[in-house]
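[1] Curious how this folds, go ahead:
(2 chains)
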Amino acid sequence: MATLTEIPVTVSADAAARVAELGMQREFQMMIDQLKQIIPGLRAIEATLEYPPDYEDEPAVLLTTVQPPPAQEVDPTRHGWRSWFVENFPPDVLRHFVRLPFYEAGNGR
Amino acid sequence: MDGRAFLDVAQRLLQAATEADWRSAAGRTYYGLMLEGRAALKRWGFSVPRTEQVHRFVRLHFLYAGDSDMRQVNQTLEELSKLRNQADYQIELLGRFASNQDTKQALADARAGLLLLDAVSSDAVRQNAIIATMRKAFP
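    Model (predicted):
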């Protein structure tokens, strides 16, 4: 298993620009650190900027966690993340970030 | 019918065997919870938009409800929305729809979110506090 510092984190240019525009670099780093801590077997984190394609909304920074399928019927990291997220940030921060797991069975897509 | 009926449709689609079924299940999962959220806001006296702005309307009202469980429902909707967007629009990428795993987990989230929403609807004191906070945030 990769150590926490070895887990690759990629941030697209537009996502980085959005985080900077919002002035939320500290919060963003807290989120990255927390995801590394709570997800067993985490392989990568990818941050991208996503626009809703068919309704009016502002773009969101999508944090995709590439991780193995859960051993349990329901992945406990989903609720664990959500609980931590909503308890640690105000709505004005929450509205700009979304985490979505990507379950990868093997080592490549 | 109620929006939650779509969650049963999603469950059936997840038991099917093709990528198109699993992608369709993602859409039904998002709409199942979003429409239940819309119905709750209507019951609570809010004037809900009929246009595509309804998605943002529901999510933001839950986000600014001053209640931790409602913020969790908001987050679940945000996640389901992103999953649905990928399911419906990024069809050139097999990605997370190579199996039913991602949507299966999302459906469990939607059912959990519905329980949180139902709990608020069955507690008049809490519901009234949430409504008051939402009205203050969106006068």
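
[2] Which helix or which strand is home to the residue nearest to the spatial centre of chain A?
    Closest to where the C-alpha atoms of chain A average out (C-alpha atoms, centre = their mean) is residue A:63, at 2.7 Å. When elements are assigned from DSSP states H and E, residue A:63 belongs to strand A:60-67.

[3] now the angle from whichever helix or strand comes after that strand to strand A:60-67?
    Heading C-terminal from strand A:60-67, the first helix or strand you meet, by DSSP H and E, is helix A:76-88. With axes from the mean of the first three to the mean of the last three C-alpha atoms, to 10 degrees as the basis, helix A:76-88 and strand A:60-67 are set at 150 degrees to each other.

[4] And whichever helix or strand comes after helix A:76-88, what does it pack against?
    Using DSSP H and E, the next helix or strand after helix A:76-88 towards the C-terminus is helix A:91-94. On a contact count with 3 or more C-beta pairs under 8 Å, 6 or more residues apart in numbering or on different chains; DSSP states H and E, helix A:91-94 meets helix B:68-89. Every C-beta, even on glycine, is put in place using the N, C-alpha and C of the backbone.

[5] Could I get the phi/psi values of the spatially most central residue of chain B?
    Centroid-nearest residue in chain B, with C-alpha atoms, centre = their mean: residue B:33, separated by 3.0 Å. Torsion angles at residue B:33 (phi, psi; degrees, to the nearest 10) stand at phi -80, psi -40.

[6] Thought residue B:5 was touching it, still the case?
    No - counting by C-beta atoms under 8 Å, residue B:33 does not reach residue B:5; the two are 12.0 Å apart.
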